[in-house]
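In: Just the structure for this:
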Amino acid sequence: MIVTATNVNAITTNVLITNITTSSTFITTTSITTTTKTSRIEDNNEEVVLMHNYFIAFTVNLEYIDPIVNNQISFNKSFFNLVFQSNWLINGDAETGTCQSGNGVTHPTGWMYNGSITQVYYNNTAADLSSTDPGPSNRGNCYFYGQISAVTSMWQYINMTNSINSILIDNQTVYYNFSAWIGGYSNQKDNAQVSITFIDQANQKINNTITLGPVSVVDRGSITSLLFRQANGLLSIGARSCIVMATITRGAGTYNDGDIDNIALYFYQ
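Out: Numbering: from 1, shown residues only. Below is the predicted model of the structure:
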């Protein structure tokens with residue numbers, strides 16, 4: 001008897017049983033559980049706890065009755081699958097922590113940063129974007145804004161093997177999906193980009209850095225907007241961690257009007 005599972009996720013799972021005797025009887029029970037990772041960060045001296053569900057574990061228990069030998073056999077098999085369930089980035093959507101409502105600098109919660117990159121409200125007249133400008137439909141209340149630095153950036157380091165078995169990576173069964181909404185203000189030449197670099201166990205870069213953007217004023221047609229950019233593929237053998245970096249660059253003028261929202265990184269099988 002061979003038991004396999006397909007489409008393993010939190011909604012539906014298909015179980016296929018082969019190599020069995022005709023007219024065999026089965027009494028089947030199943031259970032689905034999730035593995036959760038907790039991230040703890042500080043915002044204005046207050047601890048913010050973020051929960052991320054990464055994995056689905058599926059177990060099928062079979063009571064197998066063979067009519068030929070008329071005996072009952074208990075059979076148990078578990079399936080483990082990585083699912084497209086949660087953004088691995090902390091505060092990729094600029095919705096965690098405080099947002100700037102004026103002309104000041106409020107650094108994004110959960111990110112390391114350099115320069116004046118700011119988490120700012122939509123419809124803040126001291127910044128760029130309104131909630132009705134072209135962009136994501138699920139944009140929330142805030143986005144990332146360059147503010148005043150000529151070049152400003154923020155980044156996160158992710159240890160993928162905290163939650164993904166390295167064997168799955170090296171067997172090349174794990175994929176990534178990396179995306180962001182990127183843009184700027186009116187006819188300003190300021191721009192933004194988001195990149196991901198995969199790293200091996202020796203802390204060495206694997207393959208080329210994958211970059212979304214920059215989105216130029218020509219790309220936007222001189223319209224204040226955010227445009228969707230995406231990259232996906234198979235994780236390379238040896239990948240163990242990654243660095244996601246957002247960079248906003250001023251083209252001219254006093255303020256850096258490059259903008260980003262909804263940065264997302266998913267892993268799946």
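In: quick one, domains of this protein?
Out: Domain assignment of the chain by automatic domain parsing yields the ranges 2-82, 112-268.
In: got the end-to-end distance for the last one?
Out: It refers to domain 112-268. With Cα to Cα, to the nearest Å as the measure, domain 112-268 spans 26 Å from end to end.
In: mind listing what Ala145 touches?
Out: Slight slip there: residue 145 is Tyr, not Ala. The contact partners of Tyr145, taken as Cβ atoms under 8 Å, 6 or more residues apart in numbering, are 100, 117-120, 127-129, 248, 256-259. Using the backbone N, CA and C atoms, a C-beta is placed for each residue, glycine as well.
In: 7 Å - rerun?
Out: Counting by Cβ atoms under 7 Å, 6 or more residues apart in numbering, Tyr145 makes contact with 118, 120, 127-128, 259.
In: closest to Trp155 among these?
Out: Relative to Trp155, the closest of the contacts of Tyr145 is Thr118; by Cβ to Cβ it sits at 15.4 Å.
In: quick one: contacts for the closest one?
Out: 100, 105-107, 145, 147.
In: Distance to Leu168 for the contacts of Tyr145 - can I get that in TSV?
Out: Putting those into TSV (distance: Cβ to Cβ, whole Å) gives the following:
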residue	distance to Leu168
Thr118	38
Val120	39
Ala127	42
Asp128	41
Asp259	36
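In: of these, buried ones?
Out: Buried members of the contacts of Tyr145, counted by 16 or more other Cβ atoms under 10 Å: 118, 120, 127-128, 259.
In: how much space between the residue nearest to Ala150 when sequence neighbours are not counted and Gly258?
Out: In space, Ala150 comes closest to Arg250 once its chain neighbours are excluded; the distance is 4.9 Å by Cβ to Cβ, 6 or more residues apart in numbering. Going from Arg250 to Gly258 by Cβ to Cβ, to the nearest Å gives 7 Å.
In: Need the overlap of contacts for the two.
Out: 146, 190.
In: And for stretch 164-175, what's in contact with it?
Out: Contacts of stretch 164-175 (Cβ under 7 Å, 6+ apart): 82, 232-235, 237-240, 267-269.
In: Mind giving me the PyMOL command for buried ones among the residues you listed?
Out: In PyMOL syntax, the buried subset of the contacts of stretch 164-175 is picked out as below (16+ other Cβ under 10 Å):
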select buried, resi 82+235+238+239+240+267
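In: Let's have the contacts of stretch 164-175 in CSV, adding distance to Lys189, pLDDT and secondary structure.
Out: Formatted as CSV, those follow (distance: Cβ to Cβ, whole Å; pLDDT from 0 to 100; DSSP: H, G, I helix; E, B strand; the rest coil):
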residue, distance to Lys189, pLDDT, secondary structure
Leu82, 41, 47, strand
Asn232, 29, 96, strand
Gly233, 31, 96, strand
Leu234, 36, 96, strand
Leu235, 35, 97, coil
Ile237, 40, 98, coil
Gly238, 39, 98, coil
Ala239, 35, 98, coil
Arg240, 38, 98, coil
Phe267, 35, 92, strand
Tyr268, 37, 88, strand
Gln269, 42, 84, coil
